[in-house]
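> got a predicted model here, sequence first, then my questions.
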Amino acid sequence: MPSAISLVTLLTDFGETDYFVPSMKGVILGINPQARILDLSHRIPPHGVEQAAFFLKSCYEYYPDGTVHVVVVDPDVGSDRRALLVSTSRYFFIAPDNGVLNYIFKEEASVEVRAIENKQYRLDSAGATFDGRDLFAPSAAWLTKGQMPGSYGRLIYDYVTLPDDSPKMHEDVLQGRIIYIDHFGNAITNITPADMETFRSVTKRNSVGLKVGEMTINGLKTYYGEGATGLPEILINSNGYLEIFVKQGRAVDRCNIQVGQSVDLL
């Protein structure tokens, strides 16, 4: 378990027009004026737990050891859902217990999960609608001040994870799904090169085709500029996922794609 440093990252679905994010930052700095706060994003779609989980997975490991990552995408705020402090061999994560830390549980070593139960880390509030400010922000700030994870609450082992979304073989087709759409309108699937190799070994096919909706995209490109302008293409992106793109266009619009939509590797 690392020692917490003063760096706190924030990932939320709060947007950038309300007082929510500034309030969280004010609480953190009020407890630790030396804290450094970095915004990962506040443009996760409202209640987009799966999208936040993928976003976090894609960038958290590039931060220094001891960073405190705070994730507030919390559709059930105010309910009896638990708040978590997760300690790994390199980082700390503070988030609601709703699956948003799914990839952390799967990929990080030496994961220790605690329920945040100590009322010392909660601000008094008239309501129960803003745990980002009243619970998650002070919990993170006190961690950067040297509070030990054991003081937050008991260890738990029944934390929430997302349903397994690994691609599945169905007859001679590998069925996957769209898990993220980026700013450029590129659609990222959950299909990896390892999945594609397994598919090839089972079906004995060398060519690659991806069916999305009523459209089939044939052939695998290496980089975006290799695609034909305006036409849907596929490639393996730098995070190791099969991605649908349109050169100088938006695949999400061209192919009428949505997060959660199924795709078939042919």
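Nice, I can see it.
> now residue 175: how far from residue 251?
19 Å (CB to CB, to the nearest Å). (C-beta placed from N, C-alpha, C; glycine too.)
> kindly report the same for residue 184.
From residue 184 to residue 251 the distance is 8 Å (CB to CB).
> residue 175 and residue 251: which is more packed in?
More crowded of residue 175 and residue 251, by other CB atoms under 10 Å: residue 251, with 27 against 15.
> isn't the more buried one up against residue 189?
No. The criterion here is CB atoms under 8 Å, and residue 251 misses it with residue 189 at 11.1 Å.
> what touches both of the two?
residue 244 (CB atoms under 8 Å, 6 or more residues apart in numbering).
> count of neighbours near residue 191?
26.
> ok, now which ones touch it?
167, 174, 176, 241, 242, 263, 265.
> if you set the cut-off to 7 Å instead, what comes out?
By CB atoms under 7 Å, 6 or more residues apart in numbering, residue 191 lies in contact with 167, 174, 176, 241, 242, 265.
> which residue ranges of the stretch 151-266 of the chain form helices?
Assigned by DSSP state H, counting those that start in this stretch, the helices in the stretch 151-266 of the chain fall at 193-203, 251-254.
> now residue 23: which helix or strand?
Per DSSP states H and E: residue 23 is located in helix 20-31.
> what comes up buried for that helix?
Within helix 20-31, the residues that qualify as buried are 20, 21, 23, 24, 25, 27, 28, 29, 31, counting by 16 or more other CB atoms under 10 Å.
> who does it touch, helix- and strand-wise?
Applying 3 or more CB pairs under 7 Å, 6 or more residues apart in numbering; DSSP states H and E, one finds that helix 20-31 contacts strand 7-12, helix 137-144.
> so which of those is nearest residue 100?
strand 7-12 (8.6 Å; CB to CB).
> now the closest one against helix 137-144, angle please.
160 degrees (axes from the mean of the first three to the mean of the last three CA atoms, to 10 degrees).
> distance between strand 7-12 and the chain's centre?
12 Å (CA atoms, centre = their mean, to the nearest Å).
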